[in-house]
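In: when you get a sec, could you give me coordinates for this:
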Amino acid sequence: MTADPFSDILKLARAETLVTGGFTAGGPWAIRFPVPKTIKFFAVVKGGCWVTLDGEAPIRFATGDVGLLSAPRAFVLASDPDVSPVDAMTLFSGVGRTTAQLGDGDDFAHVGGHVLLDPVSGRLLADVLPPWIHVQANLPAATTFRWLLDRLVEERTSDLPGAELASAQLAQLLFIQILRAHLAGAHCAGSGWLRALSDPRIAPALRLMHEDPARAWRLEDLAAACAMSRTTFADRFRTVAGVAPLAYLTQWRMRLAEQALRDEAGKSVALIARSVGYTSESAFSNAFKRVAGKSPKSYRDNNMHKRSLTQVKDI
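Out: A predicted model of the protein is given here:
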């Protein structure tokens, strides 16, 4: 199997998608949700509604539409934008309450949840997500979304063994599909690794760097893999990814090194340096400090201290 940079980054960010609740509604209704503390997603599984983000015009959501909100903004879901909303915190108050019904519940059904990211490595994903993604049910991927949403509802309403785990796995697939739909659409603007993943012209170079990050890649090697001249490739890569090709390689190496320093306490700095392509521990330390702002040893010590404090709080 060839390298998959998208999967590499999602795994490094430790993205975990959780379905946390839902509601049904009938007649006039509206709910105001507070500013989310994490990335929020929701989907319409029956009927339609209006979605109004703070400061924005209302957006119509139809059955099968999915939204992903990464910006810290409150929002309202409503049968009509003119209906006065009830507070979501009040509606869902009560220990263990994750579902609610407004009116007779016959017209509309919603499911929602959160995407959790690692506090450190998760910034790699969080920093490139657009504030808001709306995936409409009439897109080419609609069949996949419809299947996932139907299975999610089925698992959440069933008493089948393993329903909780199945729901989590389906929600993870839904998150991946949302990002895929965004990459395939015309709204993946700006620059960064997320846009770079959707550019077929530089994709071969990205796969090579992720497949073997320790290799001493040269610009001409990467350009040749993309069937471009060095100059054309370098210009294209910088335009799409926001950084030069070898700078991207260095940044990816340092992300892998950060993960190793956090998770592999028994692994020496010298071994970590070699695993990401540095034969000199000194050269690695200098490169790491330029990217992370501190030496590998300081980075590791700082993370160990934070973990110790967390463990003390949990006692």
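
In: okay, and the residue most central in space within the chain sits in which element?
Out: Among the residues of the chain, the one closest to the centroid is Leu125, at 5.4 Å (Cα atoms, centre = their mean). Following DSSP states H and E, one finds Leu125 within helix 123-126.

In: which parts of that helix are buried?
Out: Buried residues in helix 123-126, counted by 16 or more other Cβ atoms under 10 Å: Leu124, Leu125, Ala126. For every residue, glycine as well, the C-beta is placed using N, CA and C.

In: about what we covered before: you'd agree the residue nearest to the centre of the chain is up against Glu16?
Out: No - here Leu125 does not reach Glu16: they are 11.7 Å apart, not a contact under Cβ atoms under 8 Å.

In: quick one: contacts for Gly26?
Out: Leu102, Gly103, Asp104, Gly105, Asp106, Asp107, Phe108 (Cβ atoms under 8 Å, 6 or more residues apart in numbering).

In: quick one: low-confidence ranges for the protein?
Out: Where the chain drops to pLDDT under 70, the residues are 1-2, 94-97, 186-190, 305-315.

In: would you map out the domains in it?
Out: 5-184, 195-307 (the TED database).

In: touching both of Leu125 and Glu16, which residues are there?
Out: In contact with both Leu125 and Glu16: Leu117, using Cβ under 8 Å, 6+ apart.

In: follow-up on the earlier one: how deep is the closest residue to the residue nearest to the centre of the chain other than its chain neighbours tucked in, by neighbour count?
Out: Closest residue to Leu125 in three dimensions, ignoring its sequence neighbours and counting by Cβ to Cβ, 6 or more residues apart in numbering: Ala13, at 4.1 Å. For Ala13, the number of neighbouring residues by other Cβ atoms under 10 Å comes to 20.

In: wouldn't Ala13 be in contact with Pro119 here?
Out: No - the criterion here is Cβ under 8 Å, and Ala13 misses it with Pro119 at 10.4 Å.

In: check contacts around the residue nearest to the centre of the chain.
Out: Per Cβ under 8 Å, 6+ apart, neighbours of Leu125: Ile9, Leu10, Ala13, Ala15, Leu117.

In: please repeat the previous calculation with a cut-off of 10 Å.
Out: Contacts for Leu125 (Cβ atoms under 10 Å, 6 or more residues apart in numbering) come out as 9-10, 12-15, 39, 70, 115, 117-118, 179, 193-194.

In: Gly48 versus that one, what's the distance?
Out: 30 Å (Cβ to Cβ, to the nearest Å).

In: can you tell me the closest non-neighbouring residue to Pro213?
Out: Pro213 sits nearest to Arg253 (Cβ to Cβ, 6+ apart), 5.3 Å away.

In: quick one: which helix or strand includes the one you found?
Out: Per DSSP H and E: helix 245-263 holds Arg253.

In: and after that helix, which helix or strand comes next?
Out: Later in the chain than helix 245-263, the nearest helix or strand by DSSP H and E is helix 269-275.
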